[in-house]
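**Student:** sharing a sequence plus its predicted fold:
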Amino acid sequence: MSQLKAMIFTLMMLTVPLAGCTGNDSPAEVLGCTNTQANNYNENVTKDDGTCDFDLDDDGVQDSYEVDGCTDDTANNLDLGATDDDGSCDYDLDDDGVLDADEILGCTDSTANNYMNSATDEDGSCDYDLDDDGVLDADEILGCMDSNANNLDLEATDADDSCDYDLDDDGVLDADEVLGCRDLIANNYNSEATDEDGSCDYDLDDDGITDVEEISGCMDSNANNLDLGATDDDGSCDYDLDDDGVLDADEILGCTDSAANNYNSEATDDDESCDYDLDDDGVLDADEILGCTDSTANNYNSEATDEDGSCDYDLGDDGVGSISAGAYHTCAILDNGSVSCWGYNAYGGLGDGTTTQRTTPTQTSSLGTDRTAVAISAGSVHTCAILDDGSVSCWGSNYHGQLGDGTTTDRSTPTHTSSLGTDRTAVAITAGEFHTCAILDDGSVSCWGSNYYGQLGDGTTTDRSTPTQTSSLGTDRTAVAITGGDYHTCAILDDGSVSCWGYNGYGNLGDGTTTARNTPTQTSSLGTDRTAVAITAEGPYTCAILDDGSVSCWGYNAFGQLGDGTTTNRNTPTQTSSLGSGRTAVSITVGYRHTCAILDDGSVSCWGYNGYGGLGDGTATDRNTPTPTSSLGTDRTAVAITAGHGHTCAFLDDGSVSCWGRNQYGALGDGTTTHRFTPTAIEIE
């Protein structure tokens, strides 16, 4: 169009007599234009027609500020009478000299319909419906199938360099662009983040300045972003020491708590990587506490210390019946059936009617008239309990409908879920990152909450805010144990086989593939004549105790958390290395990157990520084979254990409760926010 204008202008100029050639010097014949903005302005001119020359900079192009107007009604210089509607349009709506995001036409992605190489914005303004049929066809889908990418799209048809990890689009993967941050108080919190280190953004007011309470960096001298004036020494630490965008073996996080499962004396960070929950469902299930000598029971253990029909698991009569750790909070059922919680509470996950952080055990609000809790599970920022009448009550974050009450409204007090089905009750419960699943009294499974990867198992990827039956577990099959990872779910069936569904990017479903499943899918063989008796999942991996007391794991193994002597991911069940001469496992838990088991002698053995001391062996060294923890105390043994993202609480054989690890939000319940590197007694009243 600009060429057309130039041609029109040239033709007009050719039809105008040139000065000095008219043979008439009268004012009526003076060339030029009375428009003061024109190049050929002449105050003596007597005609102001098309002879006006508006190419003010004489570059042969009519720039936007040199054109009469534009017929685009979104432009500043709209003129319905204009004869040119191309670059003459002025889209700087606020006239600040800058084309802001809402003032830009087109998109700089050359594959988009509205591609414009001069556009300065390539976000949502890009139109990828190339055939303009109103549908994004397979060859038009944006994104990338790499689950670690910002623009993950499971429907994408391109998994290569269309993946976008450069958060500030400067062409460099900076330290603060490592796939987001799982710290709930960070600006760039991302529930799907796979990295919880220095990518955390603590400029909470987004003013471009790190204020005193927002100081970036970390006081750990081993970190890249060491800052002795820093006020935060957790996830803000940047341990990618060579800035290659990869956490190498010598840069691995862990837990410096020598009593934690993933203890690593060389760890450079002591936050949420500590995790000790036996099946990582946040609940002390029947099969996690020494058990009972009834061979038909879920918690059968030939060496159990309680063999009466009641299978009473409050072994020390200490007033605590069950305990579960979420990401940064902990909840326990007391001997009177009430619930006490402590730690992080921004979304009401403690259930006390507030969003106030608690550093000591605090009673939840009422569970209902004459109602008591019999099982409890803490997810990332929500908590659910089975009550004595078989109903379920939940509280905390409800963004994905994980409380199951038919809404997405956060609740700070216990709130009943919607119906589990006519005459149905819950017998086991597990809380994942943002979803919840329960085994019902008929052996079926019902789930609710986030379903992005199919972790609800109902054949869809649609979030559910009320309990929803999973698809079939198999002909005549029922579930006897269940566990929820971040974005996947696994169940032991009544024949001892294992079925899993949801996210499978690292092989955590154990079916020999890395394909996500939205219906229950059998794992590959657990071994000849082997069956599972306990199961646990967290993050993107799963572990099970088999009927001979051995342990088999599958999925993500970057830190050795599968315990097979390697750091190779496995997509089928893989035996761990030896638990010790003559030793077998009786309970098991996985954290975000590590695994621990209580052995048949009451000792604890751990393996995997140890940067925060989560393995409890007195070091911060990662272990890829089972490694005994340090002493639990003179003549003390473990009977149950639960872990969050950076803290651990355990029952010992004398009925005492001890917690250790990350305590930033008071999750240890000892009245402080001081991290503890050895087991510390707490009082639960």
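**Tutor:** Cool, got the structure. Residues are numbered from 1 along each chain as shown.
**Student:** please make it C-alpha for all contacts and neighbour counts, starting now.
**Tutor:** Will do.
**Student:** give the bridge partners for T648, please.
**Tutor:** Judged by DSSP bridges, the bridge partners of T648 are A643, W660.
**Student:** that one contacts N663, correct?
**Tutor:** No - at 9.8 Å, T648 and N663 do not qualify as touching, with contact defined as C-alpha atoms under 8 Å.
**Student:** more neighbours: these two, which one.
**Tutor:** With neighbours defined as other C-alpha atoms under 10 Å, T648 and N663 compare such that T648 has more, 32 against 28.
**Student:** so how far is A650 from G580?
**Tutor:** From G580 across to A650, the span is 22 Å (C-alpha to C-alpha, to the nearest Å).
**Student:** my error: substitute A537 in the last question.
**Tutor:** Separation of A537 from A650 (C-alpha to C-alpha) stands at 18 Å.
**Student:** cool, N398 as well?
**Tutor:** Distance, N398 to A650, using C-alpha to C-alpha: 28 Å.
**Student:** now do Y592
**Tutor:** Note on Y592: its distance to A650, by C-alpha to C-alpha, is 18 Å.
**Student:** quick one: which of the two has more around it?
**Tutor:** Comparing Y592 with A650 by other C-alpha under 10 Å, the one with more neighbours is Y592, at 29 against 24.
**Student:** that one in helix, strand or coil?
**Tutor:** Under DSSP: H, G, I helix; E, B strand; the rest coil, Y592 falls in the coil class.
**Student:** swap in T680?
**Tutor:** Under three-state DSSP, T680 comes out as strand.
**Student:** tell me how the protein divides into domains.
**Tutor:** For the chain, automatic domain parsing gives the domain ranges 1-90, 286-681.
**Student:** ramachandran angles for S497?
**Tutor:** Dihedral pair for S497: phi -80, psi 170, per degrees, to the nearest 10.
**Student:** contact partners for the closest residue to it other than its chain neighbours?
**Tutor:** Leaving out its chain neighbours, the residue that sits closest to S497 by C-alpha to C-alpha, 6 or more residues apart in numbering is T531, at 5.8 Å. Neighbour list for T531: 495-497, 546-547 [criterion: C-alpha atoms under 8 Å, 6 or more residues apart in numbering].
**Student:** I figured A426 hits S393, correct?
**Tutor:** No - in this structure A426 lies outside contact range of S393 using C-alpha under 8 Å: 10.8 Å.
**Student:** before we move on, which element is A332 in?
**Tutor:** When elements are assigned from DSSP states H and E, A332 belongs to strand 329-334.
**Student:** just to revisit the earlier point, overlap in contacts of A426 and S393?
**Tutor:** The contact sets of A426 and S393 overlap at I386 (C-alpha under 8 Å, 6+ apart).
**Student:** need the CA coordinates for stretch 537-547. CSV is fine.
**Tutor:** The C-alpha trace of stretch 537-547 is given here as CSV (Å, rounded to 0.1, in the frame of the first residue of the first chain):
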residue,chain,number,x,y,z
ALA,A,537,4.4,-42.6,45.6
GLU,A,538,5.6,-39.0,45.5
GLY,A,539,6.9,-36.7,42.8
PRO,A,540,7.3,-38.8,39.7
TYR,A,541,8.2,-42.2,41.1
THR,A,542,6.7,-45.2,43.0
CYS,A,543,8.0,-47.9,45.4
ALA,A,544,6.3,-51.0,46.8
ILE,A,545,7.1,-53.6,49.4
LEU,A,546,6.7,-57.1,48.0
ASP,A,547,5.4,-60.2,49.8
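**Student:** beta partners of Q575?
**Tutor:** Judged by DSSP bridges, the bridge partners of Q575 are S552.
**Student:** pLDDT wise, what is it at?
**Tutor:** pLDDT, Q575: 96.
**Student:** so how far is T625 from it?
**Tutor:** Here the criterion is C-alpha to C-alpha. By it, Q575 lies 11 Å from T625.
**Student:** likewise L420?
**Tutor:** As judged by C-alpha to C-alpha, L420 and T625 stand 41 Å apart.
**Student:** ditto for G613
**Tutor:** Per C-alpha to C-alpha, G613 is found 15 Å from T625.
**Student:** what about the helices in the stretch 401-550 of the chain?
**Tutor:** Remark: no helices are assigned in the stretch 401-550 of the chain by DSSP state H, counting those that start in this stretch.
**Student:** residue ranges of the strands in it, please?
**Tutor:** Under the criterion DSSP state E, counting those that start in this stretch, the stretch 401-550 of the chain contains strands at 411-416, 426-431, 435-440, 445-449, 464-469, 479-484, 488-493, 498-502, 517-522, 532-538, 541-546.
**Student:** state the mean pLDDT of the longest one.
**Tutor:** Mean per-residue pLDDT for strand 532-538: 87.
**Student:** same for it, what does it pack against?
**Tutor:** For strand 532-538, the packing partners by 3 or more C-alpha pairs under 8 Å, 6 or more residues apart in numbering; DSSP states H and E come out as strand 479-484, strand 488-493, strand 541-546, strand 585-590.
**Student:** rerun at 10 Å
**Tutor:** Using 3 or more C-alpha pairs under 10 Å, 6 or more residues apart in numbering; DSSP states H and E as the contact test, the elements touching strand 532-538 are strand 479-484, strand 488-493, strand 498-502, strand 541-546, strand 551-555, strand 585-590, strand 594-599.
**Student:** and of those, who's closest to D441?
**Tutor:** D441 lies closest, by C-alpha to C-alpha, to one member of those: strand 479-484, at 9.8 Å.
**Student:** and the closest one, what's buried?
**Tutor:** Buried residues in strand 479-484, counted by 16 or more other C-alpha atoms under 10 Å: 479-484.
**Student:** hmm, back to that, export the strands of the stretch 401-550 of the chain to TSV and tack on distance to E43?
**Tutor:** Shown next, in TSV, are the strands of the stretch 401-550 of the chain (distance: least, C-alpha to C-alpha, whole Å):
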stretch	distance to E43
strand 411-416	75
strand 426-431	82
strand 435-440	77
strand 445-449	75
strand 464-469	75
strand 479-484	83
strand 488-493	79
strand 498-502	78
strand 517-522	79
strand 532-538	82
strand 541-546	83
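**Student:** so, low pLDDT: which residues of the chain?
**Tutor:** For the chain, the stretches with pLDDT under 70 are 1-31, 46-50, 59-74, 79-111, 113, 115-130, 132-321, 655, 685.
**Student:** which SSE is the closest residue to I641 other than its chain neighbours in?
**Tutor:** In space, and not counting its chain neighbours, I641 is closest to A650: 4.2 Å by C-alpha to C-alpha, 6+ apart. Here A650 is covered by strand 647-652, with elements defined by DSSP H and E.
**Student:** give me the helices and strands touching that strand, please.
**Tutor:** With contacts defined as 3+ C-alpha pairs under 10 Å, 6+ apart, the packing partners of strand 647-652 are strand 320-325, strand 329-334, strand 638-643, strand 657-661, strand 676-681.
**Student:** can you give me the angle the last one makes with strand 647-652?
**Tutor:** Taking axes from the mean of the first three to the mean of the last three C-alpha atoms, to 10 degrees, one finds that strand 676-681 is oriented at 40 degrees with respect to strand 647-652.
**Student:** then the second one?
**Tutor:** Strand 329-334 runs at 20 degrees relative to strand 647-652, counting by the same axes, to 10 degrees.
**Student:** starting from strand 329-334, tell me which strands it pairs with and how they run.
**Tutor:** Strand pairing for strand 329-334, using DSSP bridges, gives strand 320-325 (antiparallel), strand 339-343 (antiparallel).
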